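In: mind folding the following:
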Amino acid sequence: MKSFKKPLQTLGYAFLGIFLSDCTQKNVSNLSLEKSISNVESIKGRKEYLNSPYVTAGDRLYVIGHQNGQFPDLGWHVTGEMGGIWNHPIKLMDGFTGTISENGQSVCLSQADEFVNFPFANKLTYQSPIKGLSVERFQFVPDGQEAAVIEYTFHNTEAISKTFTFTFEGYSDLRPTWLGERTNMIDGKDEATWDETTKTWVAKDALNDWFVMFGGANAEKVNLSEKALCDYTPQGQGCRAALKFTVTVPANSSKTLPITIAGSYQSSQKMKDTYRFVQANAHKLLAEKQARYKSIEQKTRLTIPDKKLEQAFRWVKYDTDWLIRDVPEIGRGLSAGLPDYPWWFGVDGEYALQGLIATGRRNEVYSAIDLIHKLSEKTSGNGKILHEVSTNGAVFNDGNVNETPQFASLIYKVYQWTGEKEFLAKYFPTIKKGLNWLMTKNDANGNLFPDGFGMMEIHGMNSEMIDVAVYTQKAFADAAEMAKVMGENTLAKEYAEKALLIRQKINKDFWVADANSFADFIGTKEQALHLVDDAIIRADTLQKPWAVEELKATKNKIEALPSGTSQGFVLHHNWVVNTPMEMGIADTDKAITALNTASKFVSPFGVFVTGIDRDETAGKDEMPTSLNRKIFTYTGAVMTLPTGVLAISENNYGRPDAALGYLNRMTKSFSFALPGSIYEVSPDYGMVAQAWNLYSYGIPIVQQFFGVKPNAAEKTVIIQPQMPSTWDKASLENVSVGDNEISIHYEKVGKTLSLKIEQKNTDWKIVIAFPKGKYQQFIINEEKVKTTNDTNFDYVESSHKIITLNATE
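Out: Okay, the predicted model is just below:
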């Protein structure tokens, strides 16, 4: 176990990133990295969550510690090792400590007083035991670099100069990622050596060419035999090495001390090259990262009356960028979550990348799809899409059944945004193989409902699952459209007919009228009895008496069924019963009924993954926090994905106010524990950053409230706004569609709607759609126009660069 000695006084301690100083730098710079960034939004953390994780993110390297500055054992995939500094597929360091010494007394900086998060950096603040001295630790990870920079700034508010010793102790832990043993990555003991030329410590794994180094300007070597100043004992086969600095801070002034950390899993020379480059270019690299995040902020820029939701949407875009994991030998893609899922998943990407393409990140979407596709083809080769793969390329799960159809729909969604037929042509052969595998290998009874695990990882839930059936239907519908584009008209007709038939069967066979819900699964009486017994034990263990009573009544009904009966069963009220509404394939009357049922299985923060876990009071407790729990468990979880799915579902059936209600529930978790982030499990449990959050915000806001429906291949964008009643004024700017970019400004005053739509390219057509008969008069660019009508909508069209429309009810 790792432990920290209590400080004599509250003091700061340094965070490890990857910092090393080049010996050619003769003086500690007075130019603070933090002060070099300007007009950057930041969010302060809550003091009660100082003892919880943060991430300093980069695409090659990241740092995870606690907001109080410590690096305790974190995580369970590699038990206790998911924190620290990672350069996948290896870990570099467990962490580091900082100590201030004056007049023979040393104090470990082990308890920060404040944590501040920037979109691309962090800052920790400490009150020093030296009167009039405070310490700040600012850290960031440069893009594309196997390195991190950590800068200490010492502030002297007294009228006299102060001189003291600062000691930086780094703890290497060069070890493989999860499943490293499958690719012959064997952890050896680390050994540290002093490099007099660079004034740095270099640690190497004894069995591998894995390296990490750290140093700073004017560093002095601390002998390895000297006792550690902080009582920090990480697990593993790492080693400790320390640097000492003599720091003088003039009166009423500040002094900065940058430390660079760099690593490599290839060679010592590569590590040293990275170190020198980052150490010499830290300010430039920070400015470049700031500029890139400004671009993320500007793309799909949201302005709405609810400023907390607006801020959450902006930061979810940042948070998603934190999760990009680039391992050049394997690929570049969006990982699922930190700290315990820093690798790649099929299904997580299939949700998250829909949000990423809707927020203008085409290149990242393309690279992530390419990675999952490449690894899936290597693993299975039959179109089956994998579920989970570690950063060393070792596949843990070659795929649940839902991943394959969801991949098809993801490809079509991205094609709608980009319009690139070459992209479609690359993946359509895999889609055809995958749909063939789906139906020939997983549908033994030939009823068009594949058997096997979907999103619910509950033992025994692998018969005909509702989400698998729904995503299969959507896959065939989308594949039919893709087949048309590829000129395979016979196949398109076959796929479309199958999609229609599956849709009809879902509405018939999965609907359970007496439960006012779609079924969790279709199975036999015997399967249902086994699952209901397990569910009763679960509900009883969680002390949910209402659920126990309901389940026992359900069991009595099941027992009365003839032996061998196969039908739909509602047992768990799992969130996936809402997928028919998420995909918009539920009959309207059934959808409204099911959505009303779904609204019962919520907490103030969102939707329960498993409905029978909800509180008897429908979850009115606003503070069910991890501060009161000692052991992590997903049982009883409320998550953003199920909540986002219900927001999307409500919008699909014309209920934007209900959809906004779910978004507001999710947003209660924003900055709850980690400032600027929304946890995987609401409000403060599980992963501190989660990829599919962008799906849960991006689709309802971009594609439903603002109604952006792209058809980039035809150079057409349909705008079909469906705003919540409380949004009387809203804008969404710089939305990338193909080679075009559009901005939408919405305003509603009384019975008059005003829209201003701007586009970059006038060879595109903007189609503005409204529910049929809602508005009686349309004026575009000051000219009264007639609408084009169909069964459900009134349309107006324009190709102007600026389109101003006024519509009156």
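
In: okay, helices next: where are they in the stretch 351-500 of the chain?
Out: 362-379, 403-418, 421-441, 466-485, 489-509 (DSSP state H, counting those that start in this stretch).

In: now tabulate those in JSON lines and tack on mean pLDDT, distance to Asp534 and mean neighbour count.
Out: In short, each C-beta sits where N, CA and C put it, glycine included. Formatted as JSON lines, the helices of the stretch 351-500 of the chain follow (pLDDT from 0 to 100; distance: least, CB to CB, whole Å; neighbours: other CB atoms under 10 Å):
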{"stretch": "helix 362-379", "mean pLDDT": "98", "distance to Asp534": "31", "mean neighbour count": "19"}
{"stretch": "helix 403-418", "mean pLDDT": "98", "distance to Asp534": "25", "mean neighbour count": "25"}
{"stretch": "helix 421-441", "mean pLDDT": "98", "distance to Asp534": "27", "mean neighbour count": "18"}
{"stretch": "helix 466-485", "mean pLDDT": "98", "distance to Asp534": "18", "mean neighbour count": "25"}
{"stretch": "helix 489-509", "mean pLDDT": "98", "distance to Asp534": "24", "mean neighbour count": "17"}
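
In: let me have those helices in a markdown table, extended by distance to Gly644.
Out: What follows is those, written out as a markdown table (distance: least, CB to CB, whole Å):
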| stretch | distance to Gly644 |
| --- | --- |
| helix 362-379 | 18 |
| helix 403-418 | 15 |
| helix 421-441 | 25 |
| helix 466-485 | 14 |
| helix 489-509 | 21 |
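
In: pLDDT score for the closest residue to Lys204 other than its chain neighbours?
Out: Once flanking residues are discounted, Lys204 sits nearest to Phe211: 5.4 Å by CB to CB, 6 or more residues apart in numbering. Note on Phe211: pLDDT of 98.

In: for Asp763, which of the helices of the stretch 351-500 of the chain is the nearest?
Out: With respect to Asp763, and counting by CB to CB, the nearest of these is helix 403-418 at 16.5 Å.

In: so which elements touch the closest one?
Out: helix 346-358, helix 362-379, helix 421-441, helix 466-485, strand 708-711 (3 or more CB pairs under 8 Å, 6 or more residues apart in numbering; DSSP states H and E).

In: in the last one, which residues are buried?
Out: What it means is strand 708-711. For strand 708-711, a neighbour-count test (16 or more other CB atoms under 10 Å) marks 708-711 as buried.

In: restricting to C-alpha, output stretch 333-348 in PDB.
Out: In PDB, the C-alpha atoms belonging to stretch 333-348 read as follows (Å, rounded to 0.1, in the frame of the first residue of the first chain):
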ATOM      1  CA  GLY A 333      -8.500   6.000 -31.200                       C
ATOM      2  CA  LEU A 334     -10.800   7.100 -28.500                       C
ATOM      3  CA  SER A 335     -10.400   5.100 -25.300                       C
ATOM      4  CA  ALA A 336     -13.500   4.400 -23.100                       C
ATOM      5  CA  GLY A 337     -12.600   6.100 -19.800                       C
ATOM      6  CA  LEU A 338     -10.000   6.900 -17.200                       C
ATOM      7  CA  PRO A 339      -8.400   5.600 -15.000                       C
ATOM      8  CA  ASP A 340      -9.500   2.000 -15.600                       C
ATOM      9  CA  TYR A 341     -10.400   1.900 -19.300                       C
ATOM     10  CA  PRO A 342      -7.600   3.700 -21.100                       C
ATOM     11  CA  TRP A 343      -7.800   1.400 -24.100                       C
ATOM     12  CA  TRP A 344     -10.200   0.800 -26.900                       C
ATOM     13  CA  PHE A 345     -13.800  -0.600 -27.100                       C
ATOM     14  CA  GLY A 346     -16.000  -1.300 -30.100                       C
ATOM     15  CA  VAL A 347     -19.300  -0.300 -28.500                       C
ATOM     16  CA  ASP A 348     -18.100   2.700 -26.500                       C
END
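
In: check the offset of that stretch from the chain's centre.
Out: Chain-centre distance of stretch 333-348: 8 Å, with CA atoms, centre = their mean, to the nearest Å.

In: please begin residue numbering at 59 from this point
Out: From this message on, residue numbering opens at 59, which makes the last subject stretch 391-406.

In: pretty sure Val746 contacts Leu396?
Out: Yes: judged on CB atoms under 8 Å, Val746 makes contact with Leu396 at a distance of 6.0 Å.

In: so what sits against both of those two?
Out: Counting by CB atoms under 8 Å, 6 or more residues apart in numbering, the common neighbours of Val746 and Leu396 are 111, 113.
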